[in-house]
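Asks: Kindly generate the corresponding structure for this input.
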Amino acid sequence: MAIDKEQKCMQLCVQAKIESAKSLLDELHADGVPFDYPSLGDLFRKDSVEWNDKLGERTVQIFIFCMIFTVLVFCSPFALLLYTYKWINTYCRLKLEILSLRKEDHIIYSPEVKTIENLWRCNGLLESKYSNDEKLSLLNEWIKVLYGYEVANQIDIEGRYNKIISSHVKLNTPYYQGVKGAPHFYFGSPFDSLISSLSKELSSYE
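Replies: Residues are numbered from 1 along each chain as shown. The predicted structure is shown next:
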């Protein structure tokens, strides 16, 4: 059975998922239509095309210009229609996701060994669609719930995460600088390294 702290962590996770979806909705509204419909005035401005003085070459230019203009005029409405369909589809999907997150009963998986890593593997932001910033923010809130504000402040989640990335970059610097015989190291996710090290460092929560 899940303890109160685990239930609180699940609530924070659900809220983080809702905020992520709402942020994507805001971006969707802010982006608008990502292209402009061709303007006749712009296309036929005198300085829009550098015309060749030779009659033959100018004739080819005019032909190409007319072909491009025709494609733009006839294809843009279809492109706009396709974009509108994708926009509406994404909008509805995000709205339904938010509605589902708010209404459904979320199952809380309580790990047998109560470490923050095990709890995250059961109930955290596991999907790749969530950014590292979103994961770090939620992890920091979880530490506050499980171990207290003082511990969370001492750990400095973002600082430790950035140190892990810097260490990975530093170890591979000679390789990318072209140093002969320099090894190339392959690392896992910096976030996975962070939560694994925290799990070993912190005691089991109760």
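
Asks: contacts, neighbours, all on C-alpha from now
Replies: OK.

Asks: Regarding the residue nearest to residue 182 when sequence neighbours are not counted, which helix or strand does it belong to?
Replies: Nearest residue to residue 182, sequence neighbours excluded (CA to CA, 6 or more residues apart in numbering): residue 175, at 5.0 Å. When elements are assigned from DSSP states H and E, residue 175 belongs to helix 157-176.

Asks: Buried residues of that helix, list them for me.
Replies: Using 16 or more other CA atoms under 10 Å as the test for burial, helix 157-176 gives 157, 161, 164, 168.

Asks: And the next helix or strand past that helix?
Replies: helix 190-201.

Asks: Quick one: mean pLDDT over that following helix.
Replies: The average pLDDT within helix 190-201 is 93.

Asks: chain center to it: distance?
Replies: Taking CA atoms, centre = their mean, to the nearest Å, the mean C-alpha location of helix 190-201 is offset from the chain mean by 21 Å.

Asks: next one: stretch 183-201
Replies: With CA atoms, centre = their mean, you get 20 Å for stretch 183-201.

Asks: neighbouring contacts of that stretch?
Replies: 115-117, 132, 136, 160-161, 164-165, 168, 171-172, 174-175 (CA atoms under 8 Å, 6 or more residues apart in numbering).

Asks: for that stretch, which positions count as buried?
Replies: Buried, per 16+ other CA under 10 Å, within stretch 183-201: 190-191, 194-195, 198-199.

Asks: okay, it in PDB with CA atoms only?
Replies: Extracted in PDB, the C-alpha atoms of stretch 183-201 (Å, rounded to 0.1, in the frame of the first residue of the first chain):
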ATOM      1  CA  PRO A 183      39.300   7.400 -26.500                       C
ATOM      2  CA  HIS A 184      35.600   8.100 -27.100                       C
ATOM      3  CA  PHE A 185      33.400   7.500 -24.000                       C
ATOM      4  CA  TYR A 186      29.700   6.700 -24.300                       C
ATOM      5  CA  PHE A 187      27.500   7.700 -21.400                       C
ATOM      6  CA  GLY A 188      23.900   7.000 -20.500                       C
ATOM      7  CA  SER A 189      21.400   9.700 -19.800                       C
ATOM      8  CA  PRO A 190      22.800  12.400 -17.400                       C
ATOM      9  CA  PHE A 191      19.400  12.400 -15.600                       C
ATOM     10  CA  ASP A 192      19.600   8.600 -15.100                       C
ATOM     11  CA  SER A 193      23.100   9.100 -13.700                       C
ATOM     12  CA  LEU A 194      21.900  11.800 -11.400                       C
ATOM     13  CA  ILE A 195      18.900   9.900  -9.900                       C
ATOM     14  CA  SER A 196      21.000   6.800  -9.500                       C
ATOM     15  CA  SER A 197      23.700   8.700  -7.500                       C
ATOM     16  CA  LEU A 198      21.100  10.400  -5.400                       C
ATOM     17  CA  SER A 199      19.400   7.100  -4.600                       C
ATOM     18  CA  LYS A 200      22.700   5.700  -3.300                       C
ATOM     19  CA  GLU A 201      23.500   8.900  -1.400                       C
END
